[in-house]
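> this one's structure only:
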């Protein structure tokens, strides 16, 4: 199913449809404040497995997930006062923060280093879906190859339409994915430069 919206404007019918699909173990493709993402309810393990198959990703590559706000993040990751203060300055926004995982995180999305990637995008529709769902959305960027990310639905609708349950078509998005920041310690370390500003990050790209 394909539902079209305009940009990041809130469309309650689309939110209702997406949440119903996610609650039933479905997979959606949806816009964010960076590139399009493919995701599912964090409690639906079979759907998480299906995302790995669709993306042809090894299980050694952990998935991230979207939370509704910083209060939700504290349920799933260990956040020091220093880290919380810095995240509050930059979220919602185009960042993925790597943090030490709590026991509430499903093991299949935790890295070997016992960390997890979390996002709070500055995108009203995706946040509305997460809020109404009541659970984070396990997510990964929709990439065409390792260096090219899907920013225009015309590039991926035909390929993914039969593989997912819903595509939310919001027109072209940004070309850059989120900036990934390792915040497992109080000093941030840049993992990937993306849409988010990196001038405040002291660590070098790894």
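Happy to help now that I have it. What you see is a predicted model; the values in this text were computed from it and never measured.
> can you give me the helices for the protein?
12-23, 45-55, 70-76, 81-90, 124-133, 157-160 (DSSP state H).
> for the protein, just list every one of the strands.
2-4, 28-30, 37-41, 64-66, 95-100, 115-119, 137-141, 143-145, 148-149, 166-169, 179-182, 189-192 (DSSP state E).
> mind putting these into a markdown table with distance to residue 76?
From N, CA and C alone the C-beta is placed, and that goes for glycine too. As requested, the strands of the chain are exported to a markdown table (distance: least, CB to CB, whole Å):
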| stretch | distance to residue 76 |
| --- | --- |
| strand 2-4 | 29 |
| strand 28-30 | 20 |
| strand 37-41 | 14 |
| strand 64-66 | 8 |
| strand 95-100 | 8 |
| strand 115-119 | 7 |
| strand 137-141 | 11 |
| strand 143-145 | 24 |
| strand 148-149 | 25 |
| strand 166-169 | 24 |
| strand 179-182 | 16 |
| strand 189-192 | 19 |
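> could you dump those into CSV with mean neighbour count and distance to residue 127 added?
Below are the strands of the chain laid out as CSV (neighbours: other CB atoms under 10 Å; distance: least, CB to CB, whole Å):
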stretch, mean neighbour count, distance to residue 127
strand 2-4, 13, 17
strand 28-30, 26, 11
strand 37-41, 27, 13
strand 64-66, 25, 8
strand 95-100, 24, 14
strand 115-119, 25, 10
strand 137-141, 24, 10
strand 143-145, 11, 22
strand 148-149, 16, 20
strand 166-169, 20, 13
strand 179-182, 22, 18
strand 189-192, 17, 22
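> output those as CSV; include the columns mean pLDDT and distance to residue 20.
Shown next, in CSV, are the strands of the chain (pLDDT from 0 to 100; distance: least, CB to CB, whole Å):
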stretch, mean pLDDT, distance to residue 20
strand 2-4, 77, 12
strand 28-30, 94, 10
strand 37-41, 95, 11
strand 64-66, 93, 18
strand 95-100, 96, 27
strand 115-119, 94, 23
strand 137-141, 92, 14
strand 143-145, 66, 27
strand 148-149, 66, 28
strand 166-169, 92, 9
strand 179-182, 95, 31
strand 189-192, 93, 33
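> out of the ones you listed, nearest to residue 58?
strand 137-141 (12.4 Å; CB to CB).
> so, low pLDDT: which residues of this protein?
6-8, 144-150, 203-206 (pLDDT under 70).
> residue nearest the centroid of it?
residue 139 (4.1 Å; CA atoms, centre = their mean).
> which residues touch it?
With contact set as CB atoms under 8 Å, 6 or more residues apart in numbering, residue 139 has these partners: 37-39, 63-66, 119.
> who does residue 182 bridge with?
residue 98, residue 189 (DSSP bridges).
> that one contacts residue 191, doesn't it?
Yes: taking contacts as CB atoms under 8 Å, residue 182 lies within contact range of residue 191: 5.3 Å.
> follow-up on the earlier one: quick check: which of the helices of the chain is nearest to residue 178?
helix 81-90 (10.9 Å).
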